[in-house]
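Chemist: Prediction below, plus the sequence it came from.
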Amino acid sequence: MSDEAAAIAAAQAGDQDAFRVLVELHSRSVFRLAYRMTGNEQDAEDVVQEAFLRAYKQLHRYENRASFATWVYRIAANYSLDLIRSRKTVESDTILEHLRESGAGPDRLYVSGKMQETLDRALEGLSQQERTAFVLRHFEGQSIDEIGGVLGIGNNAAKHSIFRAVQKLRKALTPWASVTTT
Amino acid sequence: MMMTTHPNEEEMILHYYGEPEAPSTIDAHLRDCGDCRQRFEALRRMLESLDTVRVPERGPMYGAEVWNRLRPQLPRTAAKVSKAPVMSWKSWGAVAAMLTVGVSGYYMGKYSNVAPAVTPEVAKTLASNEQFERGRQRVLLVALTDHFEKSRMILAELSNATPGAAGGVDISYEREEASDLLESNRLYRQAALQQGDTQAATLLDDLERMLLEVAHTSPKVGNDEFEELRQRIKDRGLAFKVRVFTSRIEDMGKAPANTSKGNNRL
């Protein structure tokens, strides 16, 4: 039994220290996913917190069919979607803030800012399934199989969600692609 | 071998992401076909442009920070409920004993409308005969029934609430009620555990976790979050289990007490 599997088994038996191991192991990747999904740092923090809290409460439901990471991703992705729906708009200030801190020049800031606005709008135009599938594939490098697991759909449906997401994003972002790569 | 047909957009997306399903000959085709190469490059540029948006870094201690924030919120973990709970007269008698010692004032005061007030003078008198014992158990059963009934009502109200069109669901009342019931639930559970009645303790534990979850949910929840909460209540079948339990306790209260034989199991 792997260390992670042992930690899961112990956590399911009520060992909070074992759950701590899982939290420490997966927090950063869950944060990255949450940030990609929500586009907002504070929301992403909320998602991390809530995802692990829900995971703890639902530990008895976890079965080893998917990896623990995939299972927590699923919880985090679903909660992110709830949050997005409740907030309606995704703030882009945080991303611009980071670009400023990185020392990017005004032109680049303008382009990145405008592109971010366009990207936000484009992402909002995706269905929940498309958005989740795209974020998991493009940013998190998850396989089609894993994405299907996260979304609770088959591989073909996961694949088509990615296709549709890319097509929609391409429509929205093509004008910016040439600007940002020159 | 070169592809005889041009790859479509979906095949190019699969190729970009290195999916094994992408046609194996696509590389060769892109080398030889200028139009397709141009299309693929446009796709690649667009997708790579998304990577200019950075994710804020989190330090190596981030996991520990998350844990420190999370830990105070964690409820106690409990085993699954496997079958309908069974609780004996003996167990409830012990629960009664414990609660009478620990929280009798609370219950006597709270349920004074359904049970005689137990002043020290009255208690002294009653203690000398069986009437006190029966009275004490009756008070406890009323309190237990009331506790389960209130819990069941919360679950039923949440199960039957209608989600709003857009503004979510206001569960502030249920939240407050759940919060109020947590302490007494904890006492009952501890008493059941002390008596080794794991089945009753498991039901109470399950109920406690649900009450805790409701008490910690925002007063106004989004429709989806509410739906998840409702689904969890439904999945656990708690409302039904609590109803069965309540009805058995009520029956027990009507039956003649027989604590010595311990054969009056629910």
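Modeler: Sure, I can see it.
Chemist: just the helices in the stretch 51-200 of chain B please.
Modeler: Assigned helices in the stretch 51-200 of chain B, in chain order: B:62-70, B:89-110, B:120-127, B:130-160, B:172-194, B:198-216 (criterion: DSSP state H, counting those that start in this stretch).
Chemist: helices and strands around the fifth one, which ones?
Modeler: Spelled out, that is helix B:172-194. Contact analysis of helix B:172-194 by 3 or more CB pairs under 8 Å, 6 or more residues apart in numbering or on different chains; DSSP states H and E lists helix B:89-110, helix B:130-160, helix B:198-216 as its packing neighbours. Every residue, glycine included, has its C-beta placed from N, CA and C.
Chemist: And the helices of the stretch 51-200 of chain B, which one averages the lowest pLDDT?
Modeler: Least confident of the helices of the stretch 51-200 of chain B, judged by mean pLDDT, is helix B:89-110 with a mean of 43.
Chemist: so what's A:Val47 scoring on pLDDT?
Modeler: Confidence per residue is given as pLDDT, and for A:Val47 that number is 94.
Chemist: low-confidence ranges in chain A?
Modeler: Low-confidence segments of chain A, defined by pLDDT under 70, are located at A:1, A:85, A:87-117, A:174-182.
Chemist: Pick out the residue in chain B sitting closest to chain A.
Modeler: Using CB to the nearest CB, the single residue of chain B nearest to chain A is B:Gly63, 3.2 Å away.
Chemist: give the contact list for that residue.
Modeler: By CB atoms under 8 Å, 6 or more residues apart in numbering or on different chains, the contact set of B:Gly63 is A:Val23, A:Glu24, A:Leu25, A:His26, A:Ser27, A:Arg28.
Chemist: and the third one, what element?
Modeler: Read it as A:Leu25. A:Leu25 is part of helix A:16-38, with elements assigned from DSSP states H and E.
Chemist: what about that helix and chain B, touching?
Modeler: Yes: residues of helix A:16-38 contacting chain B under CB under 8 Å from any CB of the partner chain: A:16, A:19-20, A:23-28, A:31-32, A:35-36.
Chemist: what's the residue lying closest to B:Pro75 once chain neighbours are set aside in contact with, if anything?
Modeler: Using CB to CB, 6 or more residues apart in numbering or on different chains and skipping residues adjacent in sequence, the residue nearest B:Pro75 is B:Leu212, 4.8 Å away. With contacts taken as CB under 8 Å, 6+ apart, B:Leu212 has the following neighbours: B:Pro75, B:Ala178, B:Leu182.
Chemist: Next: A:Gly152.
Modeler: Counting by CB under 8 Å, 6+ apart, A:Gly152 makes contact with A:Arg74.
Chemist: ok, now how distant is it from A:Ile84?
Modeler: Going from A:Gly152 to A:Ile84 by CB to CB, to the nearest Å gives 18 Å.
Chemist: Now do the helix or strand B:Arg44 falls within: which elements does it pack against?
Modeler: With elements delineated by DSSP H and E, B:Arg44 resides in helix B:34-49, which encompasses its position. Helix B:34-49 makes packing contacts with helix A:155-180, helix B:9-16, helix B:26-32 when contacts are defined by 3+ CB pairs under 8 Å, 6+ apart.
Chemist: Using a markdown table, lay out these together with distance to B:Leu204.
Modeler: Rendered in a markdown table, the data for these read as follows (distance: least, CB to CB, whole Å):
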| stretch | distance to B:Leu204 |
| --- | --- |
| helix A:155-180 | 42 |
| helix B:9-16 | 53 |
| helix B:26-32 | 61 |
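Chemist: which one of those lies closest to B:Ala191?
Modeler: Closest of the helices and strands packed on helix B:34-49 to B:Ala191 is helix A:155-180, at 50.1 Å (criterion: CB to CB).
Chemist: Return the set of buried residues in the closest one.
Modeler: Of the residues in helix A:155-180, those buried by neighbour count under the rule 16 or more other CB atoms under 10 Å in any protein chain shown are A:158-166, A:168-170, A:172-173, A:176-177, A:180.
Chemist: Quick one: residues contacting B:Leu238.
Modeler: Taking CB under 8 Å, 6+ apart as the definition, contacts of B:Leu238 comprise B:Leu155, B:Asp206, B:Leu207, B:Met210.
Chemist: Which among those count as buried?
Modeler: By the neighbour-count criterion of 16+ other CB under 10 Å, these include these buried positions: B:Leu155, B:Asp206, B:Leu207, B:Met210.
Chemist: How about the contacts made by the third one?
Modeler: The reference is to B:Leu207. Listed by CB under 8 Å, 6+ apart, the contact partners of B:Leu207 are B:Ser151, B:Asn185, B:Leu238, B:Val242.
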